[in-house]
Structures are given as C-alpha cells and as structure tokens.
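Asker: what's the 3D shape of this:
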Amino acid sequence: MNVYLSLVSSKFEFTNIECTSLDKSFDDFEYCYLKSVNRSYKYLSLKVNLFKTPITKVKVKGGLYKRLNGLRPFMYNITVDACRFLNNPKSNPVMNFYYSFVKPFSNINHTCPFDHDLVVDKVPIDFVNHQVTKVLPFPEGSYLLETHWFAYDIVRAVVKIYWTLS
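Answerer: Predicted structure coming up:
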C-alpha cells in the first residue's frame, strides 16, 4: 500500500492599492503604496492627513469583491459606525475580522474623536496570509476590498486594496 502525503498551502499577494481623497480640504493622502523589500517581505502602508480635527462622527462602508467575469460582490458589504465599533469591537464580528488586518500596524486604535493623522504602517503579507488562510480561509482568486470613509455623513475618501490568493 502506497501512502502519499501532500502539503497544500495558499499564498496571499497584494497586487495594487488606490487611495483617493474626495474632499482635499478635509483630508489628503500623504502616501499610499505597496513596497516589496525582497521576495518574502512585502507590505502595505498609507497615511491620511486630516485637516479639520477633531473628527467625532465616522462611518466606514466596506465591500469585498471577487473577480469572476468582472468584479462581483463576495461575502460582505457592510456599513459601520466606526466610533461605536471602536468603542466595542466585539459588537460586529465581520468588521472586527477586517479591523484585525490593520489593528497591530495602525494608530486607529481608539474611539472618536480623531485629532491626528491616520497611519497604517507596514502591514506585511505574511500576517494577512495567515488571516485569509488560517483564521477565515478564503477560496483562491483575485479580490478587491473597497472601503468608503465617511465623516459627518459625507464620503471623504475611498481606499481600494487589490489582492490575490493562489
């Protein structure tokens, strides 16, 4: 009797990021990029400068899309009161899952008001790979995580993160 063992592993890869300020008098992105240091260490970073602080009312609308003959909605499309969520992250498990991607690498770790620029610094691929393969396994494919950031019920910025899982 022959026994064959095989190890199956998934690989996460950022493919692009787009950050757009829709109200340059309210906010603007100082930087927004993917960086490849070497073959194994790649990361995402962004910084948004806020010009009208303190900000006391924030909402985030997030949608996950998968490329299937064009981009199609996949799993979640939610809108969350960010101030309320940050006060009690366990109140929304879906948002908490996505928040866990950036929480260790960000200064977005307190409830409103926000009176400083917002930074997401060096989110590494291996950390996100663990989230989408071990914590909540995703099927292989190309994805888009699109977030719309509202302050005082006016959309102020859009961040689109493109990635693949193979």
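Asker: residue ranges of the strands in this protein, please?
Answerer: 12-21, 27-36, 42-50, 58-67, 71-81, 118-124, 141-151, 154-165 (DSSP state E).
Asker: pLDDT score assigned to Asp121?
Answerer: The model reports Asp121 with a pLDDT of 92.
Asker: do the same with Pro104
Answerer: At Pro104, pLDDT is 90.
Asker: will you turn the strands of the chain into JSON lines that also has distance to Gln131 and mean neighbour count?
Answerer: C-betas here are computed from N, CA, C, even on glycine. Converted to JSON lines, those look like this (distance: least, CB to CB, whole Å; neighbours: other CB atoms under 10 Å):
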{"stretch": "strand 12-21", "distance to Gln131": "8", "mean neighbour count": "15"}
{"stretch": "strand 27-36", "distance to Gln131": "17", "mean neighbour count": "14"}
{"stretch": "strand 42-50", "distance to Gln131": "13", "mean neighbour count": "18"}
{"stretch": "strand 58-67", "distance to Gln131": "13", "mean neighbour count": "18"}
{"stretch": "strand 71-81", "distance to Gln131": "14", "mean neighbour count": "14"}
{"stretch": "strand 118-124", "distance to Gln131": "10", "mean neighbour count": "17"}
{"stretch": "strand 141-151", "distance to Gln131": "12", "mean neighbour count": "18"}
{"stretch": "strand 154-165", "distance to Gln131": "11", "mean neighbour count": "18"}
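Asker: how about those strands in CSV, adding distance to Pro89?
Answerer: Shown next, in CSV, are these (distance: least, CB to CB, whole Å):
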stretch, distance to Pro89
strand 12-21, 23
strand 27-36, 23
strand 42-50, 21
strand 58-67, 13
strand 71-81, 10
strand 118-124, 16
strand 141-151, 16
strand 154-165, 19
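Asker: mind checking those strands for the one nearest to Pro104?
Answerer: strand 118-124 (8.5 Å; CB to CB).
Asker: how far is the closest one from where the chain is centred?
Answerer: The chain centre lies 10 Å from the centre of strand 118-124; the measure is CA atoms, centre = their mean, to the nearest Å.
Asker: what's opposite Asp27 in the beta bridge?
Answerer: Leu50 (DSSP bridges).
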